[in-house]
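> next come a sequence and a model predicted from it.
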Amino acid sequence: MSDYGRLVPEYIRTLGGYTPGKSLRQAQRESHVNCIKMASNENPFGPSPKAVAAMQSVLSESNFYPDNDASDLRHRLSELHQVQPEQIVPTAGSTALLGIIARTLLSPGLNAITSERSFIVYPIATQAAGGKLIQIPMRQDGYDLDGIATAIDQNTRIVYLSNPNNPTGTIVSAREIDRFLEKVPSHALLVLDEAYYDFAQYFAAKRNFDYSHALDYVKQNRRVVVLRTFSKAHGLAGVRVGYGIGPTELMTYFSRMRTTFSVSSVAQAAALAALDDPEHTRKALANNAEQAETLTTGIAESGYRAVATWANFIYCDVGEDAAAIAQQLQAAGVIIRPLGPWGAPTAIRITIGTPEQNQVFLKAFRKVMERAAVR
Ligand SMILES: *Cc1c(COP(=O)(O)O)cnc(C)c1O
């Protein structure tokens, strides 16, 4: 018998893998119906046509390695955010950067802190680096920043804050983070994960809410790294590109930790072109804000309460086995995410779709939940 387990450190032997949202193809094979995917917070309108054209135009140069420093993209982002290009590190999605941050700052004996029911990659990245993740119970489906501040100890190196939080859709105000930062000691880094920045900022403007001072912290040289991605509002999840913004010295270490050439030339071209098509993003944001209301209302009409969202998905505790509900919704042609792996076995997360997709979901939800109520 082979015994490779002996060669592998315990923290890697016991590492759980990532459970992705079910793919369309797999769901259709299982349920024998055409499905729509509302499970992975993807942009339902697809990528910008300009991004598609830009990707096509570089395909014939695929024999060349990409620019390892993604110079054009970094310069473009540095102008956009008014920071130095050296403060920006593009990676193959921001989940790659989460792994880099963990491997750079953690090792056995050290810890990171976050909230329970937060982004599922935080535990994986932390454990893969040999660190321990401390998860603080939630307050009203959101981050308990006081609880997190109290839990920080001398071995803490990272605090992960998903704002808005995936999967609950809740937000923490800029003022709350201002105050929290005062309590983070100098040996810990605050990772402000703003994967849903564009959606949250759109809601914040409408609701007259002060959402994010993240870039101000970076400009004030605070111990903060801000994560953004092209996967969500820009509709480029499949090509893998995101980035971090932070203190130059720290970003230089992160940059060295990257897998060489990991942001492909196709991804770099797509990201640059996506930035040139704000109209495409705006359409997704406007649809999202309008349809968030439609979905929340529709779910309430079925007798369930969705948590008010600041992102492109809806969190709802249905009080039933969520995996079974997800299976029945899939049989009705809609893939959503049951949140058992997040420690919420009776909650589901629905990505906000096009108006048509949302109607298909609401109809299926009504039918499935009526049946569940009868049982
Ligand atoms: C989607 C998401 C990301 C980014 O994913 P990438 O596709 O790797 O850029 C990061 N954080 C959270 C909380 C997310 O939901």
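Sure, I can see it.
> contact residues of this structure facing the ligand?
Neighbours of the ligand within the chain, by CB under 6 Å from any ligand atom: 41, 93-95, 119, 162, 166, 193, 195, 229, 231-232, 237, 242. C-betas here are computed from N, CA, C, even on glycine.
> show me where the stretch 151-300 of the chain has helices.
174-183, 197-207, 214-219, 248-257, 265-275, 278-301 (DSSP state H, counting those that start in this stretch).
> now the longest one - C-alpha only, CSV.
Listed in CSV are the C-alpha atoms of helix 278-301, where the atom choice follows Å, rounded to 0.1, in the frame of the first residue of the first chain:
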residue,chain,number,x,y,z
PRO,A,278,-18.3,51.1,-17.9
GLU,A,279,-21.7,51.1,-19.7
HIS,A,280,-21.8,47.3,-19.7
THR,A,281,-21.0,47.2,-16.0
ARG,A,282,-23.6,49.9,-15.3
LYS,A,283,-26.3,47.8,-17.0
ALA,A,284,-25.5,44.9,-14.7
LEU,A,285,-25.5,47.1,-11.6
ALA,A,286,-28.8,48.7,-12.5
ASN,A,287,-30.5,45.4,-13.2
ASN,A,288,-29.0,44.0,-10.0
ALA,A,289,-30.4,46.7,-7.8
GLU,A,290,-33.9,46.5,-9.4
GLN,A,291,-34.0,42.8,-9.4
ALA,A,292,-32.8,42.5,-5.8
GLU,A,293,-36.0,44.1,-4.8
THR,A,294,-38.1,41.9,-7.1
LEU,A,295,-36.5,38.7,-5.6
THR,A,296,-36.7,39.9,-2.0
THR,A,297,-40.4,40.8,-2.4
GLY,A,298,-41.2,37.5,-4.2
ILE,A,299,-39.4,35.5,-1.6
ALA,A,300,-41.4,37.4,1.1
GLU,A,301,-44.6,36.6,-0.7
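> ok, and what's touching it?
43-45, 48-50, 198-199, 202-203, 206, 233-235, 274, 305-306, 308-309, 312, 314, 316, 350, 352-355, 358, 361-362, 365-366 (CB atoms under 8 Å, 6 or more residues apart in numbering).
> which ones among those map onto strands?
If you go by DSSP state E, the contacts of helix 278-301 have 306, 314, 316, 350 in strands.
> my guess is the first one meets A347, correct?
No: proximity of A306 to A347 does not meet the contact threshold set by CB atoms under 8 Å, at 10.3 Å.
> quick one on the thing from earlier: any chance of the helices of the stretch 151-300 of the chain in JSON lines, plus mean neighbour count?
Formatted as JSON lines, the helices of the stretch 151-300 of the chain follow (neighbours: other CB atoms under 10 Å):
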{"stretch": "helix 174-183", "mean neighbour count": "15"}
{"stretch": "helix 197-207", "mean neighbour count": "19"}
{"stretch": "helix 214-219", "mean neighbour count": "19"}
{"stretch": "helix 248-257", "mean neighbour count": "15"}
{"stretch": "helix 265-275", "mean neighbour count": "23"}
{"stretch": "helix 278-301", "mean neighbour count": "17"}
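> mean pLDDT added to these, as JSON lines?
Putting those into JSON lines (pLDDT from 0 to 100) gives the following:
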{"stretch": "helix 174-183", "mean pLDDT": "98"}
{"stretch": "helix 197-207", "mean pLDDT": "98"}
{"stretch": "helix 214-219", "mean pLDDT": "98"}
{"stretch": "helix 248-257", "mean pLDDT": "98"}
{"stretch": "helix 265-275", "mean pLDDT": "98"}
{"stretch": "helix 278-301", "mean pLDDT": "98"}
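> wait, which of the ones you listed is closest to G99?
Nearest to G99, of all those, is helix 248-257, at 8.7 Å by CB to CB.
> what about the strands in the stretch 51-200 of the chain?
88-91, 111-115, 132-136, 156-162, 189-193 (DSSP state E, counting those that start in this stretch).
> point out the most buried one among these.
Mean neighbours per residue, mean count of other CB atoms under 10 Å, is largest over the strands of the stretch 51-200 of the chain for strand 88-91, with a mean of 27.
> average model confidence for that strand?
For strand 88-91, mean pLDDT rounds to 98.
> could you list the low-pLDDT ranges of the stretch 51-200 of the chain?
Within the stretch 51-200 of the chain, no stretch has pLDDT under 70.
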